[in-house]
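Visitor: below is the sequence, then the predicted model.
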Amino acid sequence: MKRNSVIPALFIGCALILSGCGQKNDIKTVPSATTVAGESMSSATEAPKPGKTESPDTKAPEKETGKDTASTRITAALHTYEQGNASIQYPVVSGSEDGAKEEKINGLLKSNALEIIKAYSVNPEKDSLSITAKVISADRKRITVVYTGLFTGEGAAYPVNIFYTNTVDMTQAKDIRLTDYADPNGLAEYIRSDDCQLYDASPELKEALLPFLAQTTQETYAKMLRNADFPMETSVSDNAPVFPESFSYEDHGTIIVSIPVPHSLGDFALIKYTPETK
């Protein structure tokens, strides 16, 4: 079953739907001050620009693997970037034996987290943006972060739910995309099938979402999924980076993927996909 137009531009987010995401990867917590004292990141040596502040979030627990020894474990503490009415959390990792690589990883995590400002053309003095970060997992191989929050443009009738993710390869200091661990064509076919499972959605929402998802062609989904996640692809017309319509992350073999939907349906749908069973 096809529809005549491509899915509207991504309205990403809905912190309520992801309220349970972090529970699947419970990692030992320790006081934030421990990581703050030993962290290495580019922003720590840069003077903040006027009107902008960046600081450790002492209320947010620090994440660590619990698998390494105390002297070699990787930890991730949440910091907060603030400018006007914009507030964005992002993780800062520490514990790596390679200081230069650790700095590169932290720079990547921070810059990707802040891309939402450009994606929504946020005016910090007139608009409102609040983004919370949840570290799903962090170890010597990779760190996975889920971002949720709300954006309200000046004079807007309602806030837009925001959802995006970032997975970084800790060994190579580069972004990991959906195409690195899943087949976009197979996933696109799954989304339109009767087997499609929604992640943490109410029965009423499922009843409304599944028929809507089936209206989009497999080709449209496949193209969207090939461009999912950071790093951003560049536009053919002006060679400018394009914020992805879809984001994903992997949790113990299960892949969670966001698909944009109308605001009346929550701004996005989360698909639960386990490749080995399909």
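Guide: All right, it came through fine. Only a predicted model underlies this, so the values are computations on that prediction, with no experimental measurement involved.

Visitor: buried residues in stretch 149-159?
Guide: 149-153, 159 (16 or more other CB atoms under 10 Å). Any C-beta I mention is one placed from the backbone N, CA and C, and that applies to glycine too.

Visitor: mind putting those residues into TSV with secondary structure and distance to G84?
Guide: Below are those laid out as TSV (DSSP: H, G, I helix; E, B strand; the rest coil; distance: CB to CB, whole Å):
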residue	secondary structure	distance to G84
G149	strand	15
L150	strand	15
F151	strand	13
T152	strand	13
G153	coil	14
P159	coil	16
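
Visitor: which of the residues you listed sit farthest apart?
Guide: Farthest pair in the buried residues of stretch 149-159 (CB to CB) is G149 and G153. Separation: 13.9 Å.

Visitor: and the residue nearest the centre of the protein?
Guide: T165 (1.3 Å; CA atoms, centre = their mean).

Visitor: so that residue touches V146, yeah?
Guide: Yes - the pair formed by T165 and V146 meets the contact definition of CB atoms under 8 Å, at 5.1 Å.

Visitor: three-state assignment of N185?
Guide: helix (DSSP: H, G, I helix; E, B strand; the rest coil).

Visitor: skipping adjacent residues, who's closest to it in space?
Guide: A222 (5.1 Å; CB to CB, 6 or more residues apart in numbering).

Visitor: show me what contacts that neighbour?
Guide: A222 makes contacts with 184-185, 187-188, as judged by CB atoms under 8 Å, 6 or more residues apart in numbering.

Visitor: kindly recompute the last result at 7 Å.
Guide: Residues near A222 by CB atoms under 7 Å, 6 or more residues apart in numbering: 184-185, 188.

Visitor: among those, which one lies nearest to S264?
Guide: A188 (23.6 Å).

Visitor: measure the closest one to L225 for me?
Guide: Separation of A188 from L225 (CB to CB, to the nearest Å): 6 Å.

Visitor: strands along the stretch 151-278 of the chain, start to end?
Guide: With DSSP state E, counting those that start in this stretch, the ranges of strands along the stretch 151-278 of the chain come out as 160-169, 174-176, 197-198, 233-234, 241-242, 248-251, 254-260, 268-273.
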